[in-house]
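Student: here are the coordinates; sequence isn't available:
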Ligand code: PDD
């Protein structure tokens, strides 16, 4: 395993949370159990969110909950609790794990719940909602200074990538391929068009203009992506939410990826080719600094 792979993996050794929120109550981690026939398990019939907390404050929780609801609706699932209950549950889970003032990540998952295995949807679903919280500091700070490497890989995922589905096997396999190639992220390319990363959205800079794949069913509409678009609008940096090709990516002046854990991360090498000077570019750095200001002020 090479350097960036190791860096990534070294973050994988983490303590178990004490308490998990499960269908309305806080339970000890070992007692948070689901049925072997939970449709999340048998059909990946579930949706999720990852929310970042800075000093205990969830970042853009409303946007995340709205996206959770959209994802649920797209798979014909009703959230089992209203937003207020889920928000309180997030705070309770953070507090129960002594993370109420910490930098943390919150994972919320809703599945269609237990039902005898059958392709048709259960008539009377009993969704499973759980929330787990963990300390999270994000990628090592030096990666933001040096930038990271990426590979591209064919986007063989389904055509519903706007749904934050738990069915992430292809994302997972692509990420593993990136790590094993000494890279931080794998960037999906669908029929020659660059879509997004395995757990990030992607921007390229060309002529001081930001390019990113348009919203639609081939990318997830990232919360970080929309924050970056707001920053660009404020700073008068033009944005083209238009499709671009693998050749455009390779020839970009700057590239960066965005995501809840990743925030704004410069990408300085793709498929073994240097991007621009091989160092984080000016526009990327402006975006990174401005994004950090959103949660530090
Ligand atoms: N992933 N695209 C995909 C496929 C993603 O899985 C993610 C986030 C993003 C970025 O979205 P946001 O800025 O809202 O985090 C884009 C989360 C972090 C995950 O699966 O762990």
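Tutor: It's in. These numbers were taken from a predicted model, which means no experiment stands behind them. Residues are numbered from 1 along each chain as shown.
Student: what's near enough to touch residue 275?
Tutor: Residues in contact with residue 275 (C-beta atoms under 8 Å, 6 or more residues apart in numbering) are 250, 252, 253, 254, 255, 267, 268, 269. Quick note: C-beta positions are derived from backbone N, CA and C, even for glycine.
Student: What is the burial count for residue 155?
Tutor: When neighbours are defined as other C-beta atoms under 10 Å, residue 155 has 21 of them.
Student: Surely it touches residue 192?
Tutor: No - with contact defined as C-beta atoms under 8 Å, residue 155 does not count as touching residue 192 (10.3 Å).
Student: Get me the contact residues on the stretch 1-150 of the chain for the ligand.
Tutor: Neighbours of the ligand within the stretch 1-150 of the chain, by C-beta under 6 Å from any ligand atom: residue 50.
Student: Walking through the stretch 1-150 of the chain, point out its strands one by one.
Tutor: 19-22, 25-28, 46-54, 57-58, 104-111, 128-135, 148-154 (DSSP state E, counting those that start in this stretch).
Student: where along the stretch 151-297 of the chain do the helices fall?
Tutor: Taking DSSP state H, counting those that start in this stretch as the criterion, the stretch 151-297 of the chain contains helices spanning 169-180, 223-235, 246-250, 282-296.
Student: which helices and strands sit right next to the third one?
Tutor: Using 3 or more C-beta pairs under 8 Å, 6 or more residues apart in numbering; DSSP states H and E, the elements in contact with helix 246-250 are strand 185-190, strand 193-197, strand 201-206.
Student: With distance to residue 234 as extra columns, can I get the strands of the stretch 1-150 of the chain in a markdown table?
Tutor: Converted to a markdown table, the strands of the stretch 1-150 of the chain look like this (distance: least, C-beta to C-beta, whole Å):
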| stretch | distance to residue 234 |
| --- | --- |
| strand 19-22 | 36 |
| strand 25-28 | 40 |
| strand 46-54 | 20 |
| strand 57-58 | 21 |
| strand 104-111 | 27 |
| strand 128-135 | 31 |
| strand 148-154 | 26 |
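Student: From the contacts of residue 275, pick the one nearest residue 98.
Tutor: residue 267 (35.1 Å; C-beta to C-beta).
Student: any idea how far the ligand is from that closest one?
Tutor: 14 Å (C-beta to the nearest ligand atom, to the nearest Å).
Student: So which of the contacts of residue 275 belong to strands?
Tutor: Among those, DSSP state E puts 254, 255, 267, 268, 269 in strands.
Student: correct me, but the third one touches residue 150?
Tutor: Yep, that's residue 267 we're talking about. Yes - between residue 267 and residue 150 there is a contact under C-beta under 8 Å: 5.0 Å.
Student: anything in contact with each of these two?
Tutor: Shared contacts of residue 267 and residue 150, counting by C-beta under 8 Å, 6+ apart, come down to 184, 185, 255, 257.
Student: Would you check which pair of the residues you listed lies furthest apart?
Tutor: 184 and 255 (11.9 Å).
Student: where do the contact lists of these two overlap?
Tutor: Taking C-beta under 8 Å, 6+ apart as the contact rule, the neighbours common to residue 184 and residue 255 are 150, 267.
Student: So between those two, which is more surrounded?
Tutor: Between residue 184 and residue 255, counting by other C-beta under 10 Å, residue 255 is the more crowded of the two (28 against 25).
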